[in-house]
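Visitor: below is the sequence, then the predicted model.
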Amino acid sequence: MRIVLVNWAQIWDGASYGGGVNQYCQSLAIELVRRGHDVISLFGGRTYLPTPKHCFIRRHDDWMDVKVFEVINSPVMAPSIVQFEDPMGEVSAPELEQQVGRLLAELKPDAVHWNNIEGFSVGCVAKARAVSGARQFFSLHNYHTICPQVYLMQRHRQACFDFDNGHNCASCIEFKTREHEKSKLIAGYLKAHGRDPKAVEDLRHAWLGALGNLRRTVTGYFEWKRARARLAVPVAPPGKPAPVGGGSGDIGLPVLQPQPAHANDSRGKTKFLLAELNPWRPPPPDSPDLQPLYNLTPPEPPSDKVPNDYARRRAAMIAMLNSCDGVLAVSDFVRRKFVSLGVDDSRIRTRPIGSRINRVVALKPDLTFAPPAPKPEPTPWPEQRPLRLHFMGYNNYYKGLHVLAEALELMGPEHLRQIDLSIFALDGQSIEWIFRRLEPRLAKLKFGYEYNYHDIPWMLGGRDLTVVPSVWWDNAPQTVFESMACGVPVLGADVGGIPDFVADGYNGLLFVANSRASLAQTLRKAVEDPRMVWSLRQNVRPPKDISEHAIEMEQVYSGVDPGEVVVNTPAAAGTAAPSR
């Protein structure tokens, strides 16, 4: 079969740019090629040129035997946060749809698999069907189709249960304009190809200066240029003018008049003194930032407001999903959530994705060794070895690394000294200081930043638990699959797709999402019962392999409906109310 995989990120980047969705597209494409299919990757929304300005498609060199095409100057920008100010642009973009249609009419694929519509439009899906006759499938890896900022979290902090006919979307977040982002992308592309606009301008000024001084010798010219550069910019004295001695009348008043203070004052020890005088205080218990999150899917309440562009965008997206030959939800919660918002129940199927992490582990299986077994009874827990806890992934609000830090702060020294914590957090520099202040109270702390996919087995070797403290309806975090492939149970938030794969007390532990108290309580339980934690490891099974998943997708692309895919993990035993 000829299969087109659509996403917004470059397929060769994998998770390093585009996150788990791009990692999945990369893995699936490679496996489909191995199985003899003709695979095409189509992406767009990130490359812009000053000339020509119109939208067009270019073909890249094949990558891993995948044919690669990119939309240049797409009128729909990606990722979706950049497009936020123009919701209807994701509904109709005639110039883009014409280019996509021309390409697919030429390719004549059997199936088009939309893994994201960021960088494209609703009209592209209709055009793809009209010109090629190919079956259209859409995988719901995130909430972009119903939420233009992807996460379904109002102001990035509170779960969204009511978009109020789009009016809550309009005031949801701050965003930069599309033109601002586009100018950055143009400058970045030019610079990467030796055409930095600033460098060109500097070169022009240098030549003008040289032509005006032809009579100077080469050596003298450069000496003159350096001296002129040093003298051309005057050195400003510190502070501001103090009007003393005859220019201002009363000398005392203007000299002693208070000058405005600045919140970003960086002189000397200012920031430490400000922190001392105005210490950080936790938000009140009823703050939206601290509210527990549950897997609830109530229908949105009716709104008496006139639908705006964000409401029209959502309606068009849901209609597009209902027009597809199949809609694939990566977890059962995702399926239920989209059904509650209008996606046809008969058209959507729960279809967990596969992973190639099993293959990575198989390359070096000795890296995923088990930690030492706990000492036998009746050894008390303070005499056991420390619990080896691990976090890996991005340090952004949604992944909840801050929740782990705040939960640890709720624990006493007798429990903290029994925790050996390793963290590998991309962009983790901004939060590292919090964990460094915990370090003297912990048994051990290892803090790293960027890592490669093939580093995962050695990162997880000898670990007891991988903590996945998501604070949003995380569709189906690949961190869960990666941990289980390495034989490590997951300590996860009971939210989104996580409980599809983690059963509390069987192959992992669950806590109430976004509840520091619940996470701290679960950690105390793990520290105090190391034999229970050890027993979890015996029930951990590798995730679905990408080769198995590719066979399932072949059936889907062929128009066969294999029905619901049942996750083999037993159902979790319910979630207790959060304690605070």
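Guide: Noted; the coordinates are in hand.
Visitor: which ones are touching the residue lying closest to residue 110 once chain neighbours are set aside?
Guide: Once flanking residues are discounted, residue 110 sits nearest to residue 1: 4.3 Å by Cβ to Cβ, 6 or more residues apart in numbering. Backbone N, C-alpha and C define where each C-beta goes, glycine included. If you count contacts by Cβ atoms under 8 Å, 6 or more residues apart in numbering, residue 1 has them with 37-38, 109-111, 554, 557-558.
Visitor: now, which of those sits nearest residue 166?
Guide: residue 111 (32.3 Å; Cβ to Cβ).
Visitor: mind pulling up the pLDDT for that closest one?
Guide: With respect to pLDDT, residue 111 has a value of 98.
Visitor: check contacts around it.
Guide: 1-4, 134-137, 556-557.
Visitor: if we can go back for a sec, can you pull the pLDDT of the residue nearest to residue 110?
Guide: 96.
Visitor: out of the contacts of residue 111, which are inside strands?
Guide: Cross-referencing the contacts of residue 111 against strands under DSSP state E gives 2-4, 135-137.
Visitor: what about residue 424, which helix or strand?
Guide: Per DSSP states H and E: residue 424 is located in strand 419-426.
Visitor: list the buried ones in the helix or strand just after that strand?
Guide: Using DSSP H and E, the helix or strand that follows strand 419-426 in sequence is helix 432-438. By 16 or more other Cβ atoms under 10 Å, the buried positions in helix 432-438 come out as 432, 435, 438.
Visitor: just checking, residue 476 touches residue 353?
Guide: Yes: between residue 476 and residue 353 there is a contact under Cβ atoms under 8 Å: 6.7 Å.
Visitor: what is in contact with those two at once?
Guide: Common contacts of residue 476 and residue 353, defined by Cβ under 8 Å, 6+ apart, comprise residue 330.
Visitor: got a quick PyMOL command for the buried subset of the contacts of residue 111?
Guide: With 16+ other Cβ under 10 Å as the criterion, this PyMOL line picks the buried residues out of these:
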select buried, resi 1+2+3+4+134+135+136+137+556+557
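Visitor: low-confidence ranges in the protein?
Guide: Within the chain, the segments meeting pLDDT under 70 span 196-221, 224, 227-228, 230-236, 239-257, 262-263, 280, 562-580.
Visitor: can I see the domain layout of it?
Guide: Here the domain parsing of the chain from automatic domain parsing is 2-179+294-350, 364-545.
Visitor: figure out how far the last one is from the centre of its chain.
Guide: The one in question is domain 364-545. Mean C-alpha position of domain 364-545 versus that of the full chain (Cα atoms, centre = their mean, to the nearest Å) differs by 19 Å.
Visitor: first-to-last residue distance for that domain?
Guide: Across domain 364-545, the terminal residues are separated by 17 Å (Cα to Cα, to the nearest Å).
Visitor: equivalent analysis for stretch 33-50, please.
Guide: 36 Å.
Visitor: what are the buried residues along that stretch?
Guide: For stretch 33-50, by 16+ other Cβ under 10 Å, it's 33, 37-48.
Visitor: returning to that earlier point: which of the buried residues of helix 432-438 lies closest to residue 64?
Guide: Closest to residue 64 out of these is residue 432 (35.3 Å), distances taken as Cβ to Cβ.
Visitor: so the closest residue to that closest one other than its chain neighbours bridges to which residues?
Guide: Nearest residue to residue 432, sequence neighbours excluded (Cβ to Cβ, 6+ apart): residue 447, at 5.4 Å. In this entry, residue 447 is beta-bridged to residue 423, by DSSP bridges.
Visitor: got a list of what residue 447 touches?
Guide: Neighbour list for residue 447: 422-423, 425, 428, 432, 435-436 [criterion: Cβ under 8 Å, 6+ apart].
Visitor: residue 327 versus that one, what's the distance?
Guide: Residue 447 is 40 Å from residue 327, where distance means Cβ to Cβ, to the nearest Å.
Visitor: ranges for the helices of the stretch 201-350 of the chain?
Guide: Here the stretch 201-350 of the chain has its helices, by DSSP state H, counting those that start in this stretch, at 218-232, 252-256, 270-277, 309-323, 332-340.
Visitor: which one of those lies closest to residue 82?
Guide: Checked against Cβ to Cβ, the stretch from the helices of the stretch 201-350 of the chain lying closest is helix 309-323, at 15.1 Å.
Visitor: mind listing the residues bridging to the spatially closest residue to residue 335 that is not a sequence neighbour?
Guide: In space, residue 335 comes closest to residue 329 once its chain neighbours are excluded; the distance is 3.7 Å by Cβ to Cβ, 6+ apart. Beta bridges link residue 329 to residue 140, residue 350, judged by DSSP bridges.
Visitor: how many neighbours does residue 329 have?
Guide: Using other Cβ atoms under 10 Å, residue 329 has 27 neighbouring residues.
Visitor: show me what contacts it?
Guide: 140, 335, 338, 348-351.
Visitor: from those residues, which two are the most distant?
Guide: Farthest pair in the contacts of residue 329, by Cβ to Cβ: 338 and 351, 12.9 Å.
Visitor: before we move on, the earlier item: could you dump the helices of the stretch 201-350 of the chain into CSV with mean neighbour count and distance to residue 451 added?
Guide: What follows is those, written out as CSV (neighbours: other Cβ atoms under 10 Å; distance: least, Cβ to Cβ, whole Å):
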stretch, mean neighbour count, distance to residue 451
helix 218-232, 11, 43
helix 252-256, 10, 56
helix 270-277, 10, 31
helix 309-323, 19, 34
helix 332-340, 21, 27
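Visitor: quick one: closest of these to residue 101.
Guide: Evaluated over these, closeness to residue 101 peaks at helix 309-323, with 15.4 Å, by Cβ to Cβ.
Visitor: got the buried residues for stretch 457-466?
Guide: Result for stretch 457-466 [16+ other Cβ under 10 Å]: buried residues 457, 459-466.
Visitor: of all these, which comes closest to residue 166?
Guide: Checking those one by one against residue 166 (Cβ to Cβ), the nearest turns out to be residue 466, at 38.2 Å.
Visitor: my guess is the closest one contacts residue 487, does it?
Guide: No: if you go by Cβ under 8 Å, residue 466 and residue 487 don't touch, sitting 10.6 Å apart.
Visitor: all helices for the stretch 451-580 of the chain, in order.
Guide: 456-460, 478-485, 498-501, 516-528, 530-537, 546-557.
Visitor: which of the ones you listed sits closest to residue 26?
Guide: Closest to residue 26 of the helices of the stretch 451-580 of the chain, according to Cβ to Cβ: helix 546-557, at 9.9 Å.
Visitor: now that closest one against strand 135-140, angle please.
Guide: Orientation check (axes from the mean of the first three to the mean of the last three Cα atoms, to 10 degrees): helix 546-557 against strand 135-140 gives 130 degrees.
Visitor: could the buried residues of stretch 457-466 go into CSV alongside distance to residue 497?
Guide: Formatted as CSV, the buried residues of stretch 457-466 follow (distance: Cβ to Cβ, whole Å):
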residue, distance to residue 497
457, 23
459, 22
460, 20
461, 26
462, 27
463, 22
464, 23
465, 19
466, 16
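Visitor: just the closest of those residues to residue 165, please.
Guide: The nearest one, if we look at these relative to residue 165 and count by Cβ to Cβ, is residue 466, at 40.6 Å.
Visitor: for the closest residue to that closest one other than its chain neighbours, grab the count of nearby residues.
Guide: Spatial nearest neighbour of residue 466, chain neighbours left out: residue 483 (3.8 Å); criterion: Cβ to Cβ, 6+ apart. Applying other Cβ under 10 Å, we find 31 residues neighbouring residue 483.
Visitor: wait, residue 483 touches residue 461, no?
Guide: No: with contact defined as Cβ under 8 Å, residue 483 does not count as touching residue 461 (11.9 Å).
Visitor: before we move on, the earlier item: among the buried residues of helix 432-438, which one sits closest to residue 497?
Guide: residue 435 (27.2 Å).
Visitor: now for the spatially most central residue of the chain: which residues touch it?
Guide: Compute the mean C-alpha point of the chain, and by Cα atoms, centre = their mean the closest residue is residue 19, 5.6 Å away. Residue 19 makes contact with residue 394, according to Cβ under 8 Å, 6+ apart.
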